[in-house]
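> Below are the sequence and a predicted model for it; my questions follow.
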Amino acid sequence: MQDKDITEKMLEKYNDVFADILNVLLFAGRDVVDESALMDALPMSMLKIDGRVRTQERDIAKYWRKNKINVALFGLENQTVPNKLMPLRVFGYDGAEYVKQSRKENGDRAKYPVITLVLYLGYEKRWNYPKRLFEVLDIDEDVRPYVNDFKINLFEIAYLEREKIDLFKSDFRILADYLYQMRENRDYIADETNIAHVEELLTLMSAMTGDNRFEETINDFKGKEKVNMCEVLDRVEARGIEKGIEKGIEKGIEQGIKRGTINTLISLVKDGLISLDEAAIRADMSAEDFEKYIK
């Protein structure tokens, strides 16, 4: 789980990927947020709970700026499994940023909105957990009119429409396409889309699939100008064949050694130097099976 979280952040930290995610999911594919207008924000915030200072950390946070003025702060939170307390977590992240803006030293600065996107990357099942604060809280009916609700901006990537997925222009399209195909067909057929961030994408694919061969192929593509997923899968398959051959050779050697040992033990039994039972124990088999070898 932690490996997936880390590798997802490695890819999304790039401005072209981050901007692409915002433009497709929030603005129907229009180029509203330019990657050059994004600036990294500290993902960590501090808050005081029960007299102790604690930290909370977003996955990714970036300021969207125009003329050196913050237009908005966007945060991305990746989830590979649903979290029923996600509204509370996001409320905490957003609230901490608004508290920061309310501090005295920021009193004269323009205030900006905080927008968090929760990217659900699971494809085995839908997000059937709360998406609003009211769905988490146990609220007495007498006080309900005075409680402000809060919703999370949740996007189930594997369940997006095909047309939506095709709007992505960055490497995130490859990830979204993979999740979509795995949900629909339980299989993945790559296309010839070129990869911009090869190491980050293949490391992420390795974590998502549990197949280390994706990560093992990274060095094969270093220095290559253009790489697409078709080439990657060909290389991954070749790695599998190579490993299969190596494993077969090792198995053959192991079986050869065992056969040689058994032949020696058979000779010792025939010469009366050891008993059949002792020979069977040394060969790691039953006396009946060893007798079959002798015959």
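Happy to help now that I have it.
> contacts and neighbour counts: CA atoms only from here.
Noted.
> so how many other residues sit close to residue 143?
8 (other CA atoms under 10 Å).
> And residue 276, by the same measure?
That count, for residue 276 with other CA under 10 Å as the rule, works out to 21.
> What of residue 262?
Residues contacting residue 262 under the criterion other CA under 10 Å number 20.
> Was I right to think it contacts residue 284?
No: the criterion here is CA atoms under 8 Å, and residue 262 misses it with residue 284 at 9.8 Å.
> residues touching residue 154, list them.
117, 118, 119, 120, 131 (CA atoms under 8 Å, 6 or more residues apart in numbering).
> 6 Å instead, please
residue 118 (CA atoms under 6 Å, 6 or more residues apart in numbering).
> is it true that it lies in a strand?
Yes: Residue 154 sits within a strand when classified using DSSP: H, G, I helix; E, B strand; the rest coil.
> How much space separates it from residue 29?
17 Å (CA to CA, to the nearest Å).
> did I read that right, residue 63 in a helix?
No: read with three-state DSSP, residue 63 is strand and lies in no helix.
> Check which residues of stretch 288-295 are buried.
residue 290 (16 or more other CA atoms under 10 Å).
> residues making contact with that stretch?
residue 280.
> any idea of the mean pLDDT in that stretch?
Mean pLDDT, stretch 288-295: 75.
> same check, this time on stretch 203-220
For stretch 203-220, the per-residue pLDDT averages 84.
> Likewise for stretch 114-126?
95.
> List the buried residues in it.
In stretch 114-126, counting by 16+ other CA under 10 Å, buried: 114, 115, 116, 117, 118, 119, 120, 121, 122, 123.
> Take those and keep only those in strands.
114, 115, 116, 117, 118, 119, 120 (DSSP state E).
> just those now: which is nearest residue 210?
Comparing these against residue 210 with CA to CA places residue 120 closest, at 18.1 Å.
> could you give the angle of the helix or strand hosting residue 22 to strand 114-120?
Residue 22 belongs to helix 15-27 when assigned by DSSP states H and E. Put simply, helix 15-27 runs at 90 degrees to strand 114-120, going by axes from the mean of the first three to the mean of the last three CA atoms, to 10 degrees.
> so what does helix 15-27 touch, helix or strand wise?
On a contact count with 3 or more CA pairs under 6 Å, 6 or more residues apart in numbering; DSSP states H and E, helix 15-27 meets no helix or strand.
> Rounded mean pLDDT for the next helix or strand along the chain from that helix, please.
Using DSSP H and E, the helix or strand that follows helix 15-27 towards the C-terminus is strand 38-40. Average pLDDT, strand 38-40: 95.
> Fine by me, we can end here.
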